[in-house]
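Colleague: Give the three-dimensional model of this entry:
(one chain, ligands or ions: 1)
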Amino acid sequence: MRIVSAPSEVRASVAAARSSGRSIGFVPTMGALHAGHASLIDEARNHGHFVVVSIFVNPMQFNDPRDLAAYPITTQADDSLCVTAGVDLLWRPTVDDIYPSGFDTVVEPGAMASILEGKHRPGHFRGVATVVLKLFNVVAPDFAYFGLKDFQQLAVIRHMARDLELPVDIIGCPTIREDDGLAMSSRNTKLSADTRRSAAALSNALTGVVTALRNGDDVAEARAFGLALLSKQPGIDVEYLEIVDRDTLSQLTSNDSSSAVVLVAANIGGVRLIDNLEVDPARVGHRKGPA
Ligand code: AMP
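Modeller: Okay, the predicted model is just below:
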């Protein structure tokens, strides 16, 4: 595995892979890698691509400087995980590689970016879209792999790829969970033993809401049920729990919840976690399709 920093080194390495007939699979990350990231890498590798992983904690997508400062960094463990997972090229750019002096252009995603996460983290998706487009322009991947764990992020990126005719297939991959259901996240390492136990309540609440919807509860009842479940768990400060259409992320307009996804964000002992669950994940393929 090669580890590089400068965009020019990435371009050279990718060009060499291409000239030997390889397709390029790209997994953008912020590091502190875990089995969720590894599943994205596996998906890319299993399709035979030359696998490029980027690790960049993108300052532009953090609206809270304390959150950025606290973001976990596990450089050596990340290198090992990438080697074990069969990554071909690890790109670890510096802030200056991505935002050199004078950098002054952003991607402003539309309405979908101002609700849910976008409402609670103003400017977050501007930062995400800007960095992802820049990373895409350097790597020029054929396929890019994103987790359904960050459901809205995947939707925003698919929207951007479609709107701007980006020549890349965006692939959504299932959420990898701990045994008690907690979605794997780099932020989980920041939980104390106590808050780690409480955090399982998030996925339990999602399962409860999805079960209620599948059993025919109406959307308002199911949402109230989920919020009640979470309110029983001490130390969980819910930012939102919403039941929305999986394609548009807008509120459901009927009680037909077959296209619904339940999204939750909560602060647990100072650690902000998000998760989601679809009512009918098999309804449409995750691999491609509209935002
Ligand atoms: P991050 O490093 O948190 O920016 O995540 C990098 C990529 O890994 C994103 O596409 C995430 O959605 C994805 N990811 C993070 N956690 C998980 C998980 N538990 N399961 C699957 N994918 C994940």
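
Colleague: count of neighbours near residue 62?
Modeller: Neighbours of residue 62 under the rule other Cβ atoms under 10 Å: 19. Placement of C-beta: from N, CA and C, glycine included.

Colleague: any low-confidence regions in this structure?
Modeller: Residues of the chain meeting the criterion pLDDT under 70: 283-291.

Colleague: That one - how does it break down into domains?
Modeller: When the chain is parsed with automatic domain parsing, its domains come out as 2-173, 186-283.

Colleague: so can I have a markdown table of those domains showing distance to the ligand?
Modeller: Shown next, in a markdown table, are the domains of the chain (distance: least, Cβ to the nearest ligand atom, whole Å):
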| stretch | distance to the ligand |
| --- | --- |
| domain 2-173 | 2 |
| domain 186-283 | 5 |
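
Colleague: now the ones you listed as CSV including distance to residue 179?
Modeller: Compiled in CSV, the domains of the chain are given as follows (distance: least, Cβ to Cβ, whole Å):
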stretch, distance to residue 179
domain 2-173, 12
domain 186-283, 9
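
Colleague: which residue ranges form the helices in the stretch 101-250 of the chain?
Modeller: 117-120, 124-139, 151-163, 193-214, 219-231 (DSSP state H, counting those that start in this stretch).

Colleague: which one of those helices lies closest to residue 96?
Modeller: When these are ranked by distance to residue 96, counting by Cβ to Cβ, first place goes to helix 124-139 at 12.9 Å.

Colleague: List the buried residues for that closest one?
Modeller: Using 16 or more other Cβ atoms under 10 Å as the test for burial, helix 124-139 gives 124-136, 138-139.

Colleague: if we can go back for a sec, could the helices of the stretch 101-250 of the chain be laid out in a markdown table, adding distance to residue 3?
Modeller: Below are the helices of the stretch 101-250 of the chain laid out as a markdown table (distance: least, Cβ to Cβ, whole Å):
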| stretch | distance to residue 3 |
| --- | --- |
| helix 117-120 | 31 |
| helix 124-139 | 15 |
| helix 151-163 | 25 |
| helix 193-214 | 31 |
| helix 219-231 | 41 |
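
Colleague: so residue 109 sits right up against residue 126, yeah?
Modeller: Yes: assessed by Cβ atoms under 8 Å, residue 109 is found in contact with residue 126 at 6.8 Å.

Colleague: what residues are up against the one residue sitting closest to the centre of the chain?
Modeller: Closest to where the C-alpha atoms of the chain average out (Cα atoms, centre = their mean) is residue 150, at 3.3 Å. The neighbours of residue 150, taking Cβ atoms under 8 Å, 6 or more residues apart in numbering as the test, are residue 274.

Colleague: ok, residue 85 touching residue 38?
Modeller: Yes: counting by Cβ under 8 Å, residue 85 does reach residue 38; the two are 5.1 Å apart.

Colleague: Identify all contacting residues around stretch 11-19.
Modeller: By Cβ under 8 Å, 6+ apart, stretch 11-19 touches 2, 4, 24, 50, 52, 88-89, 138-140.

Colleague: Equivalent analysis for stretch 70-82, please.
Modeller: 1, 3, 30-33, 37-38, 41, 53, 55, 57, 62, 90, 186-187, 189-190.

Colleague: And stretch 194-212, by the same measure?
Modeller: Counting by Cβ under 8 Å, 6+ apart, 177-178, 180-183, 188, 191, 221-223, 225-226, 229-230, 232-236, 241, 243, 262, 264, 266, 268-269, 271, 273, 275-279 sit against stretch 194-212.

Colleague: Quick one: buried ones out of those residues?
Modeller: Using 16+ other Cβ under 10 Å, the buried members of the contacts of stretch 194-212 are 177-178, 181-183, 188, 191, 222-223, 225-226, 229-230, 233, 235-236, 241, 243, 262, 264, 266, 268, 271, 273, 275-279.

Colleague: how about residue 261, secondary structure?
Modeller: Using DSSP: H, G, I helix; E, B strand; the rest coil as the criterion, the local structure at residue 261 reads strand.

Colleague: residues contacting it?
Modeller: Neighbours of residue 261 in contact, by Cβ under 8 Å, 6+ apart: 151, 243-246, 276-279.

Colleague: What strand or helix carries residue 282?
Modeller: Here residue 282 sits in a region with no helix or strand, counting by DSSP states H and E.

Colleague: and it, how many neighbours?
Modeller: Residue 282 is flanked by 7 other residues according to other Cβ under 10 Å.

Colleague: One more: residue 24?
Modeller: Neighbours of residue 24 under the rule other Cβ under 10 Å: 21.
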